[in-house]
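**Q** Quick one, fold the following:
(chains A, B, C and D)
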Amino acid sequence: MLENYWVLILIPLFGFAINGIFGRRFSRQVIAWLSCSTVGLSFLICLLTFWEFIQLPVDKRTISRSLFTWIQSGNLVSEFSFLLDPLSMVMILVVTGVGFLIHVYSVEYMAGEEGYYRYFSYLNLFIFMMSVLVLADNYLLMFVGWEGVGLCSYLLIGYYFEKRSAGDAAKKAFIVNRIGDVGFIIGIFLIFRQFGSLEYLTVFRTVSDQFPEPTAGFGVLGAITLLLFIGATGKSAQIPLYVWLPDAMEGPTPVSALIHAATMVTAGVYMIARSAPLYTRAPETLFIVAAVGISTALLAALIATAQRDIKKVLAYSTISQLGYMFLAVGVGAFSAGIFHLMTHAFFKALLFLGSGSVILALHHEQDLMKMGGLRKYLRVTFYTMWIATLAIAGVPLFSGFFSKEEILWKAYSSPLGNGAFWFVGVLVAGLTAFYMFRLIFLVFYGADRFEEAHHESTPHSPTEPSSLIKVPFMILAFFSIVAGFVGLPKYLGTNRLEGFLAPSFRYMPEPASVEEHGHFSESHLALIAILVTFFGIAAAYQLYIRDRQITERLANRFSLLYQLIWRKFFVDEIYDWMLVRSIRGFSRKILWENIDVNVIDGLVNGTASLMQTWSHALKRIQSGYARVYATWILGGAILIFLYYYLTSF
Amino acid sequence: MVPATHYLALAAILFAIGALGVIIRRNVITMFMCVELMLNAVNLTFITFSRFLNQVDGQIFVFFVMTVAAAEAAVGLALIVLLSRRTDTLDVDQANTMKW
Amino acid sequence: MDINYTAVLPEIILSLFGILIMILIPFTPKARQSALGFVALFGMVLALICVSAQCGATGLAFFGMIFQDYFGQFCKILFLFASAAIVLVSINYLEREKLPYGEFFSLLLFATVGMLLMATSADLIMTFLGLEVLSISTYVLAGFKEGEMKSTESALKYFLLGAFSSGFLLYGIAFVYGAAGSTKYLKIAQVIEASENYPPTLFLGLGLMVVGFGFKAALAPFHVWTPDVYEGAPVPITAHLAVGSKAAAFVALVRVLYQVLPELSQHWQAILWVSAVLTMAIGNIAALAQTNIKRMLAYSSIAHAGYLLVGLTAHNRLGAQSILFYLVAYAFMTLGAFAVVQAIGREGEKYIGIDDYSDLGYRYPFLSITLSVFLISLAGIPATGGFMGKLFLFAAAMQSEMYWLVVIAVIASAIGIYYYLRVIVLMYMGESKDEGTPIIVPTPVRIVIAIMVVGTLYLGIFPGTFLHLASEAVSF
Amino acid sequence: MLETEVLLTALLLIPAAGASMVAFVPSRKIHLLRGTALFFTTLTFLCSLLLVSHFDSEIDTMQFVQDISWFDVGGVHVRYHVGIDGISLFLVILTTFLVPVAVLASWSIEEKVKSYMFFMLLLEVGMIGVFISLDLILFYVFWEVMLVPMYFLIGVWGGERRIYAAVKFFIYTMAGSLLMLAAIISLYFFNEAQNFDLVEITQKLSSGEIVLSPLAERLLFLAFFLAFAVKVPLFPFHTWLPDAHVEAPTAGSVLLAGILLKMGIYGLLRFCLPMFPAVSVQLAPAISLLAIIGIIYGALVAMVQPDIKKLVAYSSISHLGFVVLGIFAFNFQSIEGATYQMLNHGVSTGALFLLVGMIYDRRHTHLIEDFGGLAHVMPCYAAFFMVIALSSIGLPGLNGFVGEFLILQGTFLENAGRAAFAASGIVLSAVYMLWMYQRVFMGTLQNEKNLALPDLNWREILILVPIVILALWMGLYSSTFLRKMDTSVQKVVDRIEHVREPQIYRVEYSGH
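**A** Numbers count the residues shown, from 1 in each chain, chains lettered A, B, ... in the order given. Modelled structure (predicted):
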């Protein structure tokens, strides 16, 4: 399979094409089968490839395949070619694996929807694009996947296109992503100008020749990395471009699970990890990355604590977790970032799928305040969501614990990290535990608030989906528990993942200092984090199980703060007012109605009417009186006479 | 002997009177006469040059001019008759239906 | 220096036919009078044959009063061709408007004689006589619709101003005679070439002659008569004025300026430069606001005189050659346009407002398509003779490094496009109107229009032939 | 090469023959008229494909040259000199491709079909002529001749304000090109051999046989530039375009956007750059500034348009700003990208206008507010529209991206600031396109007139499928096209580099 691993990319494309073109004529079974089997086949190939891949000696684990030349203009070449190395191997496994599970889940989840074929073809297209993104061997081809997943995200968010909010959200997602993409593409321009190539390996080789050590000051590498990071903030929903992700929850829930939690949004992290040889030589940018990451993590976690929409909570949670990952890559702990990316993919996908079945059971009710007591009805969902919540909260021995601890430790100990990063990181961990358990408590515990809130047409109690849908739950729950063991911290064992990924992070500069600084040991810090986490859980328990009154009292007491958090710090409003409205107004009032219509057209039409005016003036010469005409003739003669008199006589 | 300039000046004055007459007078006949005056000023010029160049050519030309003037007069008067029949006037400013 | 009658044979033939027609009038039955038109046509064809037979003969003839050269022959053919076309167009016009045939055709023949003489004369007096023969005939023709005030007014204005300006011309001739001691072209040119400094009378003569010719050719500011006279005259005569007498005036002007006074070129170029700018500007701008198609075409013909002046001002071989070429192209397109205007005007020339052209496009495809071609050519858009002509004229000015003149000419043409387009717009895109009287296009008119369209397009696509002839013709 | 010599002339003659055939078909027989036009335009297209197969991408001179005297009298020598190189090759193909498409899209024209088809064929002659002429006068003749049928297409079959739009279009372009005529004539006198041969004049200008004073060179450049800038249209000469597009019938808009606008760019590439490289370099900053203003301005104004056609028209201004920017960045990538982008824009904007035309045929409006929720009743249409819109906003994998990327990459190498500003157009294009898409296709069906709209029929799908395939092909396998352009683009670049060589002060970026 190693020779032809690239077919795994093309198979979903085939599914997309068939479903997209002929899907309207197919029955639902055919569509579902076609779609799931293509992704399943991809996943299978992926597994086989992985099997052969790990048999290879470590230094041979970089396999590239070129299909054809995509763009060639002068010395600028971008091949349609793929690169398989440990980093992309991990990513493609996650993408096809989680992708397959969510395809399966969707078969039933979407059963009641119109445009079934549309949904599945988009989903297949997404898998294709994501694979291109992950496996591309040059920046430009990565950009294809990069924008391609953005497109799929757009299409899937706007899946319920008759809803205005869905259309708005889709558009917003695409445009905000595009803003980031501009940064990305300018970064690519600069890469080409600096290194004369777009291919990763060539670029990395050149950069390690040009800059054997990290640069001092903000140089060209700083610019390149910063521009790429702008791209990442768009795709991975970081400050200041995170605003699209909460709105993206307008899409079907499996889409949120797949695209807006597990895979696409992590592309930014992947890209930075991929560009590690560049980033490690630009410490200033890395600091910015880490700072943006941790600020986003904090901000999103804060907002998440006050959201009432179950999916919005999860969305802000995703943003927050992505912030962690950026913190990780920002302090140079690339494998830690990828590690968290992987574990997050499992538990966050699971959370979304769980929320999906809750929503489905309640007939598209998403308000947390109108749920409660569901543990009686949705057993499987209840248990698996518990597992996922424990994982995300960072309860020891669950996968999230290991990846998060790794990040926190690196944030503290790495040469690029510091105590402040760690401190905020721990704070966010506490907040995460709080809002996640708040969610669990509100959904599954307490009184049944849904019946009186909901319409009477559904007298029967909420039910679990059929068994087909439970399979993904189980698998994801399994991985949410065990996935952490591939990256055990030093005090417990070895970090296999880091070792596996190491070949992808060649071409690094000589580290400035090998010694890790700091006064505390890893295990001590982990203990503090665990304590904070449990404090968060306890607070949630206190507020949402023990005494619901406190919540309201607190909200009233700190109403200003509460409002601020509840309204998401008014970021959307500020953006809307500052950018959208003002630009639109400027375009309409000044550019179009004034410059175009009044000034330029006015000038043109003004010339025309000036001509008309002159015309009317000139024709007055033709008074109709013969004697006046004679005067003109005589006048002309006199002028000629004067001319000769003055010049020639 | 009177120098040529005197004759030429006289002719020029006649020509100017004729030209001004065309502009000032409103009666078509008078205007036409003024044109004739201009032509005769030219004739005077021709004769002057002819005399001072010691050629007869110029004098012959005068005959041509007179012939042409006669032909013009024939056509012109016919047109004037037409006008007076139509408008009962010889005022040239009445012929003013077409303008602008 | 002998008489050499053959040199003036065409003029003699035309004069004889003119007289013949007058004699024939009483002997022809009322109903058959239109045959006189064909007699006139026959005379013109004979004259044409004569001219063609003479082609290539050079030298002086008729006691040194007449040139025999390519230039003259080229112009003669052009004038005869234009007049013949007008005869063809007129036959039905006269019938429709119930005007007498005989006088019309014999006057037309005499006018043609005048034009031919202007084209070939080698003596200022001959030129003057030619001009007067032409003028006096056209004075009468302009007022030919004696039942109509407009026609009378047109003739009267033309006559008064024409006589007035021929006074200037003649005065100019007299001064030139005084300065050079002769009225013979070649003699004058010799004298001027030999003399060191020029007497003021020479300049006076030059200036006054420009006034005289400028009047005939409708150069600003001597153009003032044009719109009124064109509007009032019968359409075929308007066409004749626009094509024939303007061309004759230009040809005479080319001879006088290029053959007689080339030494003075820097002294007349400035005047013509100013006049060219004025003519183009006034013609094009004033045409914008016109509502009567004849009047609009009158302004358009003023504008075209301006373009011709651009070539004239350039004073080089290419200039002379392109004037000849442009005159041919201009003849085709203007004659064609007036033929269409005449047909659309219908009885009593009722429909000559530009509004009347509204929505004609799809009801009378033949007329509309051909008129569009003529207008497009007048506007100077490629694939038509008008474009090629303009190209050569501007090229000539460019060769003499008169860049500003070209730029102004270019801007003027751009303005001009608007009013030509307006007619096309109305014909094809205008609101539909009442039918009015149905339009009848008699066969001779059809033939003329067809010939003119073919000619216009031929000149645009294969300008080589005529350009070659024109360059042969310019031998001085 | 004997038989290929006449290929280009054949491309002119076939539509011309078609036009004369149409002229003889009775105007009642609408189907016969349409059929005839379709037959001849398709024949032209097939014929033009021979060009591709016989084109030799290694040769840097003109190919398929036919050079005979048109007329040569009294020092005026004009030749019928036609030929193509890598730059014009695909523009010719684009033309021959889009015309049959436009004819097919004109099936809904019911009135005056005869003259409509006649003008279409005439227009094709003019458009092909422009791209293959190598004699300045010949070029000018085709350049202007093409205006007339376009003018009629807009003026007779257009919308409500068609007359205003048609006249504005005509006068605008004419005013620009008349100055070009003056420049052409004066170039002729600078040429000792006194002819209008483009190849010869360019060659002599570069070898120094013709020496222009700096002022003359600048004026000549400006005269040419102005004519082309109006046609492109470059800000601020653009206001004719929205009006013309809105009022023109579908096929008119398609050809206007697809081909006529390219003529301006083509002129810049074929005339301004090779003939006046020094002035081009001098004025490049100013022109690039206009281009960038155009990119942003066009996009911003497109954003607030209430009319789909007007929106697409303004988007054209924005897209063509990219192309001009690329040309005046003078390096290989940017110019090749610009050339490629011309084709891309032709395909995608042409297709957008086709799509707008299809809905116009059904509803007789192209105001955005009249629609909404169309994806419910016309899913197939919505899908095609999506693909084309994405191609227009330059989604990677579709055609628009390749050109845009190369242009920006090239510009970046020349001047990073310009590229960075221009890149903002990428975001804005997504904004206006998607916003429009949302308002037209998403949401609920509110207007009851839209409830029963039929989806695309087979003829319409037949039109769109090749375009979509082309968009994918051009986006994924650009080598087919780019390899044929390389040599010709290199020639243009060399010409510029030749002038710039003395300026050694260009600093290579050191990286520190």
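
**Q** Low-confidence bits of the stretch 451-600 of chain A, can you list those?
**A** A:451-461, A:465, A:510-519 (pLDDT under 70).

**Q** all strands of it, in order?
**A** Counting by DSSP state E, counting those that start in this stretch, the stretch 451-600 of chain A forms no strands at all.

**Q** Smallest gap between it and chain C, at which residue?
**A** residue A:600 (17.8 Å; Cβ to the nearest Cβ). C-beta here means a position set from N, CA and C on the backbone, and glycine is covered the same way.

**Q** okay but that residue is in contact with residue D:236, surely?
**A** Yes. Taking contacts as Cβ atoms under 8 Å, residue A:600 lies within contact range of residue D:236: 5.2 Å.

**Q** Close to chain C: what parts of chain A are there?
**A** With Cβ under 8 Å from any Cβ of the partner chain as the criterion, chain A comes near chain C at residues A:608, A:611-612, A:614-616, A:618-619, A:621-622, A:624, A:626, A:628-630, A:632-633, A:635-637, A:640-641, A:643-644, A:647-649.

**Q** Write out the residues of chain C neighbouring chain A.
**A** C:156-157, C:160-161, C:164-165, C:168, C:198, C:200, C:203-204, C:206-208, C:210-211, C:214-215, C:221-222, C:224-225, C:227-228, C:267, C:270-271, C:282, C:285-290, C:415, C:418.

**Q** can you list contacts of the helix or strand encompassing residue D:44?
**A** Here residue D:44 sits within helix D:30-54, counting by DSSP states H and E. Contact with helix D:30-54 is made by D:1, D:4, D:7-8, D:10-11, D:14-15, D:17-18, D:21-22, D:25, D:27, D:64, D:84, D:89, D:92-93, D:96-97, D:99-100, D:103-104, D:106-107, D:110, D:113-114, D:117, D:120-121, D:124, D:128, D:484, as judged by Cβ atoms under 8 Å, 6 or more residues apart in numbering or on different chains.

**Q** neighbours of residue A:367, just the number please.
**A** By other Cβ atoms under 10 Å in any protein chain shown, 14 other residues sit near residue A:367.

**Q** Now for residue A:126, how many residues are close by?
**A** The tally of other residues near residue A:126 (other Cβ under 10 Å) stands at 27.

**Q** same question, the one 5 residues further on
**A** Neighbour count for residue A:131, taken as other Cβ under 10 Å: 29.

**Q** Ok, residue B:74 next?
**A** Around residue B:74 there are 12 residues (other Cβ under 10 Å).

**Q** Report the closest residue of the stretch 101-250 of chain D relative to chain C.
**A** Counting by Cβ to the nearest Cβ, the stretch 101-250 of chain D gets nearest chain C through residue D:141, at 3.9 Å.

**Q** Setting aside sequence neighbours, what's the nearest residue to that residue?
**A** residue C:382 (3.9 Å; Cβ to Cβ, 6 or more residues apart in numbering or on different chains).

**Q** The one you found is in contact with residue D:146, isn't it?
**A** No. Here residue C:382 does not reach residue D:146: they are 9.5 Å apart, not a contact under Cβ under 8 Å.

**Q** So which residues on chain A come close to chain B?
**A** Residues of chain A lying near chain B (Cβ under 8 Å from any Cβ): A:619, A:620, A:622, A:623, A:624, A:625, A:626, A:627, A:630, A:631, A:634.

**Q** Dump those into CSV; add distance to residue A:46 as well.
**A** Below are the residues of chain A next to chain B laid out as CSV (distance: Cβ to Cβ, whole Å):
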residue, distance to residue A:46
A:619, 84
A:620, 87
A:622, 89
A:623, 93
A:624, 94
A:625, 98
A:626, 100
A:627, 102
A:630, 100
A:631, 98
A:634, 100
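
**Q** For the next helix or strand after the helix holding residue D:44, name the packing helices and strands.
**A** Sequence order places strand D:63-73 as the next helix or strand after helix D:30-54, per DSSP H and E. Packing partners of strand D:63-73 (3 or more Cβ pairs under 8 Å, 6 or more residues apart in numbering or on different chains; DSSP states H and E): helix C:464-473, helix D:7-24, strand D:76-84.

**Q** just checking: which of the residues of chain C next to chain A also lie near chain D?
**A** Residues of the residues of chain C next to chain A in contact with chain D (Cβ under 8 Å from any Cβ): residue C:418.

**Q** what's around the residue nearest to residue D:141, how many residues?
**A** Per other Cβ under 10 Å, the neighbour tally for residue C:382 reads 27.

**Q** So what does it have for phi and psi?
**A** Residue C:382 has phi and psi values of phi -60, psi 170 when expressed as degrees, to the nearest 10.

**Q** do you know which of the helices and strands packed on strand D:63-73 lies nearest residue C:309?
**A** Closest to residue C:309 of those is helix C:464-473 (Cβ to Cβ; 17.4 Å).

**Q** Could I get the full set of strands for chain C?
**A** Secondary structure of chain C (DSSP state E): strands at C:59-61, C:66-68.

**Q** Could you verify my assumption that residue A:198 touches residue A:75?
**A** No. When contacts are counted by Cβ under 8 Å, residue A:198 is not listed as touching residue A:75 (10.8 Å).

**Q** Which of these two has more residues huddled nearby?
**A** More neighbours surround residue A:198 than the other of residue A:198 and residue A:75, with 25 against 10 (other Cβ under 10 Å).

**Q** do you know how far that one is from chain D?
**A** 9 Å (Cβ to the nearest Cβ, to the nearest Å).

**Q** how deep is residue 159 tucked in, by neighbour count?
**A** You didn't pick a chain, so chain A it is. Neighbourhood size, residue A:159 [other Cβ under 10 Å]: 20.

**Q** could you do chain D instead?
**A** 17.

**Q** Pull the contacting residues for it.
**A** D:165, D:246, D:247, D:248.

**Q** How about the last one, nearest residue that isn't a chain neighbour?
**A** Nearest-residue entry for residue D:248: residue D:154, 4.6 Å, with adjacent residues in sequence omitted and distances by Cβ to Cβ, 6+ apart.

**Q** right, and the helix or strand after the host helix or strand of that neighbour?
**A** Using DSSP H and E, residue D:154 falls within helix D:147-157. Following helix D:147-157 in sequence order, the next helix or strand is helix D:162-190 (DSSP H and E).

**Q** Specify the angle between the next helix or strand after that next one and strand D:76-84 in degrees.
**A** Heading C-terminal from helix D:162-190, the first helix or strand you meet, by DSSP H and E, is helix D:198-207. Computed by axes from the mean of the first three to the mean of the last three Cα atoms, to 10 degrees, the angle separating helix D:198-207 from strand D:76-84 equals 90 degrees.

**Q** Outside of helix D:198-207 itself, list whatever touches it.
**A** So helix D:198-207 is contacted by D:61-62, D:81, D:83, D:133-136, D:139, D:187, D:191-193, D:210, D:212, D:270-271, D:274-277, D:495, D:498 (Cβ under 8 Å, 6+ apart).

**Q** Any chance you could list what contacts the lengthiest strand in chain A?
**A** Scanning chain A for the strand with the most residues, using DSSP E, yields strand A:63-73. With contact meaning Cβ under 8 Å, 6+ apart, strand A:63-73 is reached by A:2-6, A:77-85, A:137, A:140-141, A:201, D:332-333, D:336-337, D:402, D:405-406, D:476-479, D:482-483.

**Q** tell me which residues of the helix or strand of chain C with the lowest mean pLDDT are tucked away?
**A** Ranking every helix and strand in chain C by mean pLDDT, DSSP states H and E puts strand C:59-61 at the bottom, with a mean of 84. The neighbour-count check on strand C:59-61 (16 or more other Cβ atoms under 10 Å in any protein chain shown) flags C:60, C:61 as buried.
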